[in-house]
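Visitor: What would the 3D arrangement of this be:
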Amino acid sequence: MYHYNDFDAAFVAERNRQFRDQVERRISGALTEDEFKPLRLMNGLYLQLHAYMLRVAVPYGTLNGAQMRQLALLAEKWDKGYGHFTTRQNIQYNWPELRDIPDMLDALAEVGMHAIQTSGNTIRNVTADHFAGAAADELADPRPVAELLRQWSTDHPEFQFLPRKFKIAVSGSVNDRAVVKAHDIGIEIVEKNGVQGYRVLVGGGLGRTPMIGKVLSDFVPQEDLLPFVEATVSVWNLLGRRDNKYKARIKITVHEHGIDEIRALVETRFAETRAAFNGADLALFDEIAAQFRPPAFRNAPEDAFERAYEADPVFRAWADSNLSEHRAPGYAIAQISLKAHGATPGDASAGQMRVMADIAERFGHDELRVSHEQNIVLPHVHKSDLPEIHAILKAHGLGTANIGKISDIIACPGMDYCALATARSIPIAQEIATRFDELKIENDIGELKIKISGCINACGHHHVGHIGILGLDRAGVENYQITLGGDATQTAALGERTGPGFPAEEVVPAIERIVQAYMEQRESPEETFLQTYRRLGMAPFKVALYGEDAGKRARAA
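Guide: Okay, here's the model as predicted:
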């Protein structure tokens, strides 16, 4: 993984020093909140519903044990003992005192972390496949590309005041685990005639006007990637709608101008930017790539794993649900669920963070990942260690066997924390998870991804949930719209609205009816919810939700 050099350390230290002075001026009253706002946003500090919130950058979701342990320290010393891992592979602290923020930032800098560009109209944290460097289906590790983009975009003088925030995701596999098609720019590693390059998509995004990204270029060679991305952002920086923040995202620009015009403008700008790079970016990329060499994998018998798998049904259920195939013989990728039934999705206590740090250092080549699905990943673990790892996780409330299942819910903070939210997300997620745990049918249901947002900004990715739930305010009452058929993978799709929304107390029964209809209509237990939906369409689910008059009710909505 990437480590700060002397320049990085000095840069972050000076940035923290400046912000400490700005915080002191805000506390003294020398700065008003309006004057302070742009300064705090540049340093990852929000003013939420009840308190300030600090969002810490976890570049492309990669952490080592020392960094995770430091995140635990921040939670324990300056917050309420926990942190919230987010869909941008970051972590948020929801209750810090303003006077403590500079100390928190200095503590982060001690382990090579910061909060720069986790907010504001800039290029946000670059995300990547959380299985990067480990997955058996990977063409190449996308993290060196993500790190190159991170260094390029940090404090980029042209892109600090963009029309709106800008998000980039990178994938190195044919199986998309980074939701690249729902990003402002999505980058996929591809091969053409035996040469590695990149497919670049543009104009994806969720929120008020959800769109799937369009292909800007089928193949960009390695030497052209950074100038091509810079040309793309530069074109949007000029065209973007600064007159209307709801139409300021690049997806609207692409929609209004058309992909062909955008492509022509980018190519024209690329001809200018390419000449300015003169190969420095390629030398930097080679330096970065060298820091992402795989760890020294070991050879060891797998007998302990096989014995535990045969003898322990609890371990077997966890292994079946939470393990994925690794590229190295004898190894597995293990996902740690932060979705214990009834818990707040994405939350981890300081104690749990330390446990995960210990496991990574002892068993996992000192590496952890934050997934966009709000779970933690151990990318490199030998199968012989998995029974012991599982026992430790289980003892600390981290052994839930539900990855990809109905209780593995993505949920934004909603109205419990967020000043923008119009409805609660967390209680709905908790109620759904608890109910299906009570029914004991989660394993029978199989893969089914629910995503919940507490407002139209879609921080919970509800548009691409197999079942999406959007909480809205209807005349002072929380009302929840349901969408079906969303997909966040390489076959990305936006969910279709079922019809009228439901009050909070009716959401769980509505989900039950959808699930029951699926289980009755599927052709076999192996046919997933998404496959069944794509085969049958909306009709049987509308009937399950609204009865035989579903058509009339849907039209009335």
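Visitor: what about Asn244, neighbour count?
Guide: Around Asn244 sit 9 other residues, with neighbours defined as other C-beta atoms under 10 Å. All C-beta atoms are positioned from the backbone trio N, CA, C, and that covers glycine.
Visitor: Tell me the spacing between it and Cys459.
Guide: Applying C-beta to C-beta, to the nearest Å, the value for Asn244 to Cys459 is 21 Å.
Visitor: what's the answer for Tyr52, then?
Guide: Counting by C-beta to C-beta, the gap from Tyr52 to Cys459 is 18 Å.
Visitor: Which one's more surrounded, those two?
Guide: Cys459 (24 against 17).
Visitor: ok, now which ones touch the closest residue in space to that one that isn't next to it in sequence?
Guide: Nearest residue to Cys459 in three dimensions, chain neighbours excluded: Cys412, at 3.8 Å (C-beta to C-beta, 6 or more residues apart in numbering). By C-beta atoms under 8 Å, 6 or more residues apart in numbering, the contact list for Cys412 reads Thr87, Cys418, Ala421, Ser425, Ile452, Ser453, Gly454, Cys455, Cys459, Gly460.
Visitor: Now go through the residues you listed and say which are in helices.
Guide: Judged by DSSP state H, helices contain none of those.
Visitor: Which one of those residues is nearest to Lys80?
Guide: Of all the contacts of Cys412, Lys80 sits closest to Cys418, with 16.6 Å by C-beta to C-beta.
Visitor: and Val314, what does it touch?
Guide: With the criterion set at C-beta under 8 Å, 6+ apart, Val314 makes contact with Lys394, Gly399, Ala401.
Visitor: which regions of the stretch 201-350 of the chain sit below the pLDDT cut-off?
Guide: Scanning the stretch 201-350 of the chain with the threshold set as pLDDT under 70 gives no residue ranges.
Visitor: Oh, that last question was meant for the chain, not what I typed.
Guide: For the chain (pLDDT under 70), the answer is 550-557.
Visitor: Swap in 90 and give it another go.
Guide: Along the chain, segments meeting pLDDT under 90 span 278-279, 548-557.
Visitor: the longest helix in this structure is where?
Guide: Max-length helix for the chain by DSSP H is helix 6-28.
Visitor: which one of the contacts of Val314 sits closest to Met519?
Guide: Closest to Met519, out of all of these and judged by C-beta to C-beta, is Ala401, at 19.9 Å.
Visitor: Might you report the residue contacts of that closest one?
Guide: Val314, Ala317, Trp318, Asp320, Ser321, Asn322, Ser337.
Visitor: Kindly report the same for Ile432.
Guide: Ile406, Ser407, Ile409, Ile450, Val507, Val508, Ile511.
Visitor: Quick check: the residue nearest to Cys459 vs Asn457, distance?
Guide: 8 Å.
Visitor: one step back: excluding its own residues, what touches the longest helix of the chain? List them.
Guide: 4, 31, 33, 36, 39-40, 43, 98-99, 101-102, 105-106, 109, 112, 114, 116, 155.
Visitor: send the alpha carbons of it over as PDB?
Guide: Extracted in PDB, the C-alpha atoms of helix 6-28 (Å, rounded to 0.1, in the frame of the first residue of the first chain):
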ATOM      1  CA  ASP A   6       8.400  13.600   3.300                       C
ATOM      2  CA  PHE A   7       6.500  15.900   0.900                       C
ATOM      3  CA  ASP A   8       3.200  14.300   1.800                       C
ATOM      4  CA  ALA A   9       3.800  14.500   5.500                       C
ATOM      5  CA  ALA A  10       4.900  18.200   5.300                       C
ATOM      6  CA  PHE A  11       1.900  19.000   3.100                       C
ATOM      7  CA  VAL A  12      -0.600  17.500   5.500                       C
ATOM      8  CA  ALA A  13       1.100  19.000   8.600                       C
ATOM      9  CA  GLU A  14       0.900  22.500   7.000                       C
ATOM     10  CA  ARG A  15      -2.700  22.000   6.000                       C
ATOM     11  CA  ASN A  16      -3.600  21.000   9.600                       C
ATOM     12  CA  ARG A  17      -1.700  24.000  11.000                       C
ATOM     13  CA  GLN A  18      -3.800  26.300   8.800                       C
ATOM     14  CA  PHE A  19      -7.000  24.600   9.700                       C
ATOM     15  CA  ARG A  20      -6.200  24.800  13.500                       C
ATOM     16  CA  ASP A  21      -5.900  28.500  13.100                       C
ATOM     17  CA  GLN A  22      -9.200  28.700  11.200                       C
ATOM     18  CA  VAL A  23     -10.900  26.600  13.900                       C
ATOM     19  CA  GLU A  24      -9.600  28.900  16.600                       C
ATOM     20  CA  ARG A  25     -10.900  32.000  14.800                       C
ATOM     21  CA  ARG A  26     -14.300  30.300  14.400                       C
ATOM     22  CA  ILE A  27     -14.500  29.500  18.200                       C
ATOM     23  CA  SER A  28     -13.400  33.100  19.000                       C
END
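Visitor: So Tyr46: helix, strand or coil?
Guide: Three-state call for Tyr46 (DSSP: H, G, I helix; E, B strand; the rest coil): strand.
Visitor: All good on my end, thank you.
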